[in-house]
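A.B. asks: Here's my sequence, what's the structure:
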Amino acid sequence: VWPAGFVSMVHVRMPNAQNVQLPLRNDMTIGDVLINSCEKVQLNPSDHFVRLRLEGQEEDFECDVPTPEEFLVDLRYSHVEVCQKVIHTVVLSPPRLEGAESEAGRNLGLILEPVWDSSGTRMVSILVRRVEEGGVADTLGVSEGDEVVLVNDSSVIEIGWAGVTVALEAPPVSLTLRTCHIEMPVSGVGSSRIVEGLICPAPPSHSEISEETLDRLIVPMPSLEDLTRLPEENSGESDEFPELTKDQIDVLLKDSHELSKLLRTWKGQQLEGDSSPWTSEDRLRKSAQDLVETEQEYIRLLDMLIERYLEPLKSENHIPQEEMEIVSGNIVEIVEIQKKFLRSLEDAFQMKVQPAGDSTLRHMVYGVAGTFLSYADHFRTYSTFCTSHHKAKEIIARQDNLPLQQFLEVRNPKRDPSLNFDALMAKPIVRVSRYPLYLNAMMDQTQADSHERMHLQDAIDGMMKVADYINEMQRISEMYSSLFQSLLKDSGLAEFGVNVGISQLKYYGQVLWLNPMEEQLAKGWKKGQGPTTLCFVFNSALVLLCVDKKFKRKGSKVVIESSVTAEDVKYKALLPCVQCGVHNLPDSDGVTNMWQVLYKSKPGSSPINYLLRSQSIEQKSTMVHFVRQSIQEQQRLYGSPSGRATPTSTHSFVTSRSFSSLTAPKVHLPHQSSSPSLSHQLHRVTSPTPSYFPTATGYYTPSDTDHD
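C.D. replies: Residues are numbered from 1 along each chain as shown. Next up, the predicted model:
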């Protein structure tokens, strides 16, 4: 069973007998597994690949090597392994055949295919698309999916696809390949060799030799007196060893014996046990240092995105102003938050270890974990950027906008694929999701059941909630954003400050509508039941959608799987908060968790009553709280002398005094007479205080006043 969000932990075997754990998501691809695993042990993902092994598979050739695009949850495996790719060179020298096809590489027994960047203008790599069975390339061990690194000792990026094509048409040709093999393929024809130097060796471990011992081993510089004792060049004594006394020989033998013993001891320490002499404290500090350094680099790239691309683009006329706002989003706000976050991280990292042998780096861990908990709600601002990212990519990728494409190319003079506009715009999309990985790396170096581990686990849980929230806001934007904007346009309320953008969403939930106004929606319901309705609480309005689609349970949430169109909506209403009132209703005749929204379309008119029922007392308290909060904010804005003037139109707003003395009307539940207990002046309802609830702006604990 795979619930929503992070479903479990997956164990990944790494090179050099290392193991890492990753939080597994339903949408995690093989490429994500490779990148996240390599990040934890500082390996280059380009030099490694993922293979899956089933229980009982002992031979390497039996293992499955999936493509980076496949989802891990869709594959069968008992072990996940990250293996190092083999880099080898083959020399293809087939005979020229008359009538051979002219396509590059076909007479060599293989077909190559270039891989282009998202703009389709720059080649980023070359892959082997097909290998002819029994051909020259096949006998040399070339496989489909191999990456061509060098052609005739020249980088494929430097010579380009045209240069590669020319080289293939004039064999013999040397291809350096990066292939997903555990061992170098056996070559039957041609030559094959490992390319040394393409993979950086592991750094040397710390020396256990003390500084005092090293000082004794340094040979002192000879003095002037020693130099005068040297034999003359032509004395004939320069080629002979000077005669030594027995005592001098004993001293030399003793010193050499001690040096050899010391070197043997030091070498043995390197070979015994863990190849790394680092302690868990060293690794913990190194993980925190990696977090700080990558955060510094991340902010540098965000500043580059703004200074190199976004700010100059604003002064150009390559795209309209409204589209420019979509492209830039709230990146400036994100940078401000990240710079404050970095300062807090740096302060936490520079905290000293407590004296008296406290080796747990407690203060640093508390500082890092506390920083993440403090900024968790601030990171929710990423949802605005992420929800508009897909639309921004569509705007930038328009190939018919030649001036825009030329502008972007000029801003990246070195043609660095990691510094082009698309690459920099993608940085904020993945940054928040990587924070739990850094925190997990730190937590792995703490003791079980320690306070440090508990603090880091709290920080991980908080960041996972942020990631889930961002994903949820993206889902809502994809499914409902166009419907919200269409509803706002039809209502004509945009000119009065009503905004139903996703960034304005405070809370949403699924409720039952107990008194539907449409006849087709009111039929066939038992007491306490009604059509399922989605209630969205924005800063300035409420949106009610009665959707004719099946709801599916996904973990603890009930969601609609596919996008919602206008044909799917059986009833929709946009209610400006300044014209609404909300009441918390007591239970009646076994019907629980009821509340109502009263909406006045015009001053002096009778209010329209929406009788709603939440799924739980917690959801009811939370939703009523945020509805009331939005109503009060809007009524203060329009009802105060300093607020904006109330518009006079068909959408006349009601002032804050309109609902000050309004009492709850009689409520008629379907298929029952009106209940006297519901026809009264609204009074306090006592109920247990629920725990924290996730919202669109943070976490909320209802207070007693929320039941008024």
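
A.B. asks: drop to CA atoms for contacts and neighbour counts, all remaining ones
C.D. replies: Noted.

A.B. asks: ok, now which ones touch residue 405?
C.D. replies: Residues near residue 405 by CA atoms under 8 Å, 6 or more residues apart in numbering: 396, 399.

A.B. asks: And for residue 511?
C.D. replies: 532, 533, 534, 535, 612, 613, 614, 615.

A.B. asks: my read is it is in a strand, agree?
C.D. replies: Yes - looking at residue 511 with DSSP: H, G, I helix; E, B strand; the rest coil, it is inside a strand.

A.B. asks: hey, C-alpha coordinates of stretch 391-402 in CSV?
C.D. replies: Extracted C-alpha coordinates of stretch 391-402, given in CSV (Å, rounded to 0.1, in the frame of the first residue of the first chain):
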residue,chain,number,x,y,z
LYS,A,391,3.3,28.5,-17.7
ALA,A,392,6.6,30.4,-17.5
LYS,A,393,8.4,27.6,-19.4
GLU,A,394,5.8,27.7,-22.1
ILE,A,395,6.3,31.5,-22.5
ILE,A,396,10.0,31.3,-22.7
ALA,A,397,10.1,28.2,-25.0
ARG,A,398,8.2,29.9,-27.8
GLN,A,399,10.4,29.3,-30.9
ASP,A,400,8.6,31.9,-32.9
ASN,A,401,9.8,34.6,-30.5
LEU,A,402,13.3,34.9,-32.1
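
A.B. asks: Need the mean per-residue confidence for that stretch.
C.D. replies: Across stretch 391-402, the average pLDDT comes to 85.

A.B. asks: got it, and stretch 581-601?
C.D. replies: Taken as a whole, stretch 581-601 has a mean pLDDT of 90.

A.B. asks: quick revisit: just the buried members of the contacts of residue 511?
C.D. replies: The neighbour count (16 or more other CA atoms under 10 Å) marks 532, 533, 534, 535, 612, 613, 614 as buried among these.

A.B. asks: So which of the contacts of residue 511 belong to strands?
C.D. replies: Among those, the ones falling in strands (DSSP state E) are 532, 533, 534, 535, 612, 613.

A.B. asks: May I see those arranged in JSON lines, with distance to residue 168 and pLDDT as well?
C.D. replies: Formatted as JSON lines, those follow (distance: CA to CA, whole Å; pLDDT from 0 to 100):
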{"residue": "532", "distance to residue 168": "64", "pLDDT": "88"}
{"residue": "533", "distance to residue 168": "63", "pLDDT": "90"}
{"residue": "534", "distance to residue 168": "61", "pLDDT": "92"}
{"residue": "535", "distance to residue 168": "63", "pLDDT": "93"}
{"residue": "612", "distance to residue 168": "71", "pLDDT": "93"}
{"residue": "613", "distance to residue 168": "71", "pLDDT": "93"}
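
A.B. asks: Nearest to residue 514 among these?
C.D. replies: Ranked by distance to residue 514 (CA to CA), the ones in strands among the contacts of residue 511 are led by residue 612 at 5.8 Å.

A.B. asks: residues contacting that closest one?
C.D. replies: Taking CA under 8 Å, 6+ apart, we find residue 612 in contact with 511, 512, 513, 514, 515, 594, 595, 596, 597.

A.B. asks: ok, the third one - contacts?
C.D. replies: With contacts defined as CA under 8 Å, 6+ apart, residue 513 is in contact with 529, 530, 531, 532, 533, 610, 611, 612, 613.

A.B. asks: What's opposite it in the beta bridge?
C.D. replies: Counting by DSSP bridges, residue 513 is bridged to residue 612.

A.B. asks: Export the contacts of residue 612 to CSV and append columns for distance to residue 425.
C.D. replies: Compiled in CSV, the contacts of residue 612 are given as follows (distance: CA to CA, whole Å):
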residue, distance to residue 425
511, 37
512, 41
513, 42
514, 46
515, 47
594, 45
595, 44
596, 43
597, 42
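
A.B. asks: Restricted to buried residues, select the residues you listed in PyMOL.
C.D. replies: To isolate the buried members of those in PyMOL, using 16+ other CA under 10 Å:
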select buried, resi 511+512+513+514+515+594+595+596+597
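
A.B. asks: that older thread, any chance of the ones in strands among the contacts of residue 511 in CSV, plus distance to residue 110?
C.D. replies: Compiled in CSV, the ones in strands among the contacts of residue 511 are given as follows (distance: CA to CA, whole Å):
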residue, distance to residue 110
532, 58
533, 58
534, 56
535, 58
612, 66
613, 66
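
A.B. asks: which one of the residues you listed is nearest residue 335?
C.D. replies: Nearest to residue 335 among the ones in strands among the contacts of residue 511: residue 535, at 32.6 Å, using CA to CA.

A.B. asks: Enumerate every residue touching the closest one.
C.D. replies: Going by CA under 8 Å, 6+ apart, residue 535 touches 508, 509, 510, 511, 542, 543, 544, 545.

A.B. asks: show me what contacts the residue lying closest to it once chain neighbours are set aside?
C.D. replies: Excluding the flanking residues, the one nearest residue 535 by CA to CA, 6 or more residues apart in numbering is residue 544, at 4.8 Å. Residues in contact with residue 544 (CA under 8 Å, 6+ apart) are 533, 534, 535, 536, 571, 572, 573, 574.

A.B. asks: can you give me the helices for the stretch 351-500 of the chain?
C.D. replies: Assigned helices in the stretch 351-500 of the chain, in chain order: 362-375, 382-396, 402-410, 421-443, 451-491 (criterion: DSSP state H, counting those that start in this stretch).

A.B. asks: So which of those is nearest residue 23?
C.D. replies: Across the helices of the stretch 351-500 of the chain, closest to residue 23 is helix 421-443 (CA to CA), at 8.2 Å.

A.B. asks: Run the angle between that closest one and helix 362-375 for me.
C.D. replies: Inter-element angle recorded for helix 421-443 and helix 362-375: 130 degrees (by axes from the mean of the first three to the mean of the last three CA atoms, to 10 degrees).

A.B. asks: how about helix 421-443: buried residues?
C.D. replies: By neighbour count with 16+ other CA under 10 Å, helix 421-443 contains the buried residues 421-422, 424-425, 428-429, 432-443.

A.B. asks: Stretch 75-82 too?
C.D. replies: So stretch 75-82, judged by 16+ other CA under 10 Å, has buried residues 80, 81, 82.

A.B. asks: now those residues as a markdown table including distance to residue 325?
C.D. replies: Converted to a markdown table, the buried residues of stretch 75-82 look like this (distance: CA to CA, whole Å):
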| residue | distance to residue 325 |
| --- | --- |
| 80 | 43 |
| 81 | 44 |
| 82 | 42 |
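
A.B. asks: Tell me the confidence at the closest residue in space to residue 432 that isn't next to it in sequence?
C.D. replies: In this structure, residue 432 finds its nearest non-sequential neighbour in residue 467, 6.7 Å apart by CA to CA, 6+ apart. In this model, residue 467 is scored at 89, pLDDT.

A.B. asks: same question, residue 184
C.D. replies: The confidence metric pLDDT takes the value 57 at residue 184.

A.B. asks: now swap in residue 322 and tell me
C.D. replies: pLDDT, residue 322: 85.

A.B. asks: packing partners for the strand or helix carrying it?
C.D. replies: Using DSSP states H and E, residue 322 sits within helix 321-328. For helix 321-328, the packing partners by 3 or more CA pairs under 8 Å, 6 or more residues apart in numbering; DSSP states H and E come out as helix 382-396.

A.B. asks: Return the set of buried residues in the helix it packs on.
C.D. replies: Neighbour counts over helix 382-396 (16+ other CA under 10 Å) mark 382, 383, 384, 385, 386, 387, 388, 389, 392, 393, 395, 396 as buried.
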